[in-house]
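J.: Whatever this is, show me its structure:
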Amino acid sequence: MFELDPHPLDWFTVDDSAISVALVFPAQGAAGIFGPTCELCARLAAEEVNHAGGVLGKELRLLPVDGGAEPGEIADRVETLVDLGVVQGVTGWHISSVRQALAPRIAHRVPYVYTALYEGGEHTTGVFLTSETPDDQLRPAIRLLAREHRVRRWFVVGNDYVWPRRTAQAARAYARESGGGICGQAYLPLGTHEFDGVLRRIEQTEADAVLMLLVGSDAVRFNRAFAAAGLDQRCLRLSTLMDENMLMASGPTATVDLYSTAGFFTSLANQDTLDFHGQYAGRYGIEAPAPGSLGESCYEGVLLLAALIARARTLDVTAIGATAESVSYEGPRGLLRLRDGHVKQRIYLAQADGVDFDVLTQLDLDPAHP
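T.: Just a heads-up that it's a prediction; the model follows:
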């Protein structure tokens with residue numbers, strides 16, 4: 001674990017020679033487990049941008065802000081940075097509750113690139129999104145598991161906030177499309193340590209699969225409890241938020257029959273991914289935390305933000321929005337473009353193999369739901 005300065009204004013001042021961006025990522029709480037890789041990936045992207053000449057002829061600088069605090073507190077801090085002209089943009093991985101508090105206060109004033117997978121439906125002017133949504137990520141995964149593993153009865157376990165609850169609503173429809181349904185659901189506070197009651201309910205409902213919508217260390221503790229209860233021998237798990245750092249923390253005996261779906265996995269062996277790994281290892285060494293999909297999304301966020309500003313040739317949010325649909329950039333997930341404020345990308349299904357992922361297939365979108 002690491003700590004961020006809770007009062008960044010004490011050491012960061014306005015500098016007209018640079019374009020400064022608030023990098024909002026978790027330094028505490030359930031998501032703090034992948035906070036270090038969020039920062040490292042974002043800084044790697046900023047160095048790449050600056051090596052290529054910066055943005056609008058200026059250096060791109062990142063100002064870290066703890067995105068693991070209370071949503072209102074985070075929104076206050078970032079809004080103050082915008083008010084004072086300290087930052088000219090915002091990006092990073094943070095939960096949807098933070099995005100909902102932050103977007104109305106800053107997105108119409110500075111470009112805001114949100115990098116976390118989320119529940120879908122965000123259309124606030126000035127917000128651009130790099131990561132997965134349930135239609136592209138979860139629907140085809142449920143369809144494939146129903147077809148290949150005869151999964152019919154799903155039990156949802158999630159944290160109690162907007163992303164898990166809205167994703168579960170979508171999952172109900174996806175399961176029904178695949179001939180199944182949701183047989184139970186439970187929503188737990190962030191920071192939950194005790195899962196006995198939920199595990200008993202999963203066993204009683206005779207679920208075929210658990211849809212895990214838990215964040216960071218909560219998912220790690222659930223994986224351990226699930227395996228200790230022997231449920232991994234009768235029930236598979238699917239998560240849309242599970243990276244290699246979380247697998248390692250769970251331990252190899254707690255990841256049997258665990259599946260994940262995402263736009264990036266460390267074990268992908270295409271040229272874009274291999275190039276990224278070479279840059280990451282060369283910069284931080286082989287002992288650095290694994291740049292899984294959650295941390296790597298912050299790399300994508302910095303690249304997209306730089307591309308948006310460069311294409312518009314201005315920091316004006318209205319002008320950036322007017323040219324956004326013509327923006328493209330190339331990174332570890334390939335050559336990507338925006339459509340309706342969202343990056344469209346390939347999505348994969350992987351199965352845990354101890355503390356790594358074996359990527360099984362690229363998921364196909366349903367032609368009826370492009």
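
J.: would you list every one of the strands in the stretch 1-150 of the chain?
T.: Counting by DSSP state E, counting those that start in this stretch, the stretch 1-150 of the chain has strands at residues 18-25, 59-66, 89-92, 112-114, 127-129.

J.: and the first one, which strands flank it?
T.: Read it as strand 18-25. strand 59-66 (parallel), strand 89-92 (parallel) (DSSP bridges).

J.: Most tightly packed of those?
T.: Counting by mean count of other C-beta atoms under 10 Å, strand 89-92 has the highest mean neighbour count of those, with a mean of 29. Using the backbone N, CA and C atoms, a C-beta is placed for each residue, glycine as well.

J.: before we move on, the earlier item: of the strands of the stretch 1-150 of the chain, which is nearest R337?
T.: strand 127-129 (11.6 Å; C-beta to C-beta).

J.: and of the strands paired with strand 18-25, who's closest to A310?
T.: strand 59-66 (10.3 Å).

J.: any idea how far the strand or helix carrying G301 is from the chain center?
T.: Assigned by DSSP states H and E, G301 falls within helix 293-312. Taking C-alpha atoms, centre = their mean, to the nearest Å, one finds helix 293-312 lying 13 Å from the centre of the chain it belongs to.

J.: which other helices and strands contact the next helix or strand after that helix?
T.: Going down the chain from helix 293-312, the next helix or strand is helix 317-323, by DSSP H and E. Helices and strands touching helix 317-323, by 3 or more C-beta pairs under 8 Å, 6 or more residues apart in numbering; DSSP states H and E, are helix 293-312.

J.: As a check, name the ranges of all helices in the stretch 1-150 of the chain.
T.: With DSSP state H, counting those that start in this stretch as the definition, the stretch 1-150 of the chain shows helices at residue ranges 35-51, 71-83, 96-106, 134-149.

J.: would JSON lines of those helices with mean neighbour count be doable?
T.: Below are these laid out as JSON lines (neighbours: other C-beta atoms under 10 Å):
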{"stretch": "helix 35-51", "mean neighbour count": "22"}
{"stretch": "helix 71-83", "mean neighbour count": "18"}
{"stretch": "helix 96-106", "mean neighbour count": "21"}
{"stretch": "helix 134-149", "mean neighbour count": "20"}
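
J.: P64: which of these is closest?
T.: Evaluated over the helices of the stretch 1-150 of the chain, closeness to P64 peaks at helix 35-51, with 6.2 Å, by C-beta to C-beta.

J.: and that closest one, what's its mean pLDDT?
T.: Throughout helix 35-51, pLDDT has a mean value of 97.

J.: starting at the chain centroid, how far to that helix?
T.: 16 Å.

J.: go on, stretch 284-292?
T.: Worked out by C-alpha atoms, centre = their mean, stretch 284-292 lies 18 Å from the chain centre.

J.: Would you mind measuring the gap between the ends of that stretch?
T.: End-to-end span of stretch 284-292 (C-alpha to C-alpha, to the nearest Å): 15 Å.

J.: If you count neighbours, what's buried in the helix holding G301?
T.: Of the residues in helix 293-312, 293-312 count as buried by neighbour count, 16 or more other C-beta atoms under 10 Å.

J.: picking up where we left off before, could the helices of the stretch 1-150 of the chain be laid out in TSV, adding distance to L231?
T.: As requested, the helices of the stretch 1-150 of the chain are exported to TSV (distance: least, C-beta to C-beta, whole Å):
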stretch	distance to L231
helix 35-51	29
helix 71-83	33
helix 96-106	28
helix 134-149	16
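
J.: if you skip the residues just before and after it, what's nearest to the residue most central in space within the chain?
T.: In the chain, the centroid-proximal residue (C-alpha atoms, centre = their mean) is A116; its distance is 3.0 Å. Distances taken as C-beta to C-beta, 6 or more residues apart in numbering put W93 closest to A116, at 4.7 Å, once the chain neighbours are dropped.

J.: Now that neighbour, what are its backbone angles?
T.: phi -100, psi 130 (degrees, to the nearest 10).

J.: Am I right that it is in contact with L23?
T.: No - applying C-beta atoms under 8 Å, one finds W93 not in contact with L23, separated by 9.3 Å.

J.: shared neighbours of those two, which are they?
T.: Residues touching both W93 and L23 (C-beta atoms under 8 Å, 6 or more residues apart in numbering) are C38, C298.

J.: which one of those two has more residues nearby?
T.: Legend: neighbour count by other C-beta atoms under 10 Å for W93 and L23, higher for W93 (31 against 27).

J.: ok, now which ones touch the more buried one?
T.: Shown in contact with W93 (C-beta under 8 Å, 6+ apart): 24-26, 31, 34, 38, 67, 115-116, 294-295, 297-298, 301.
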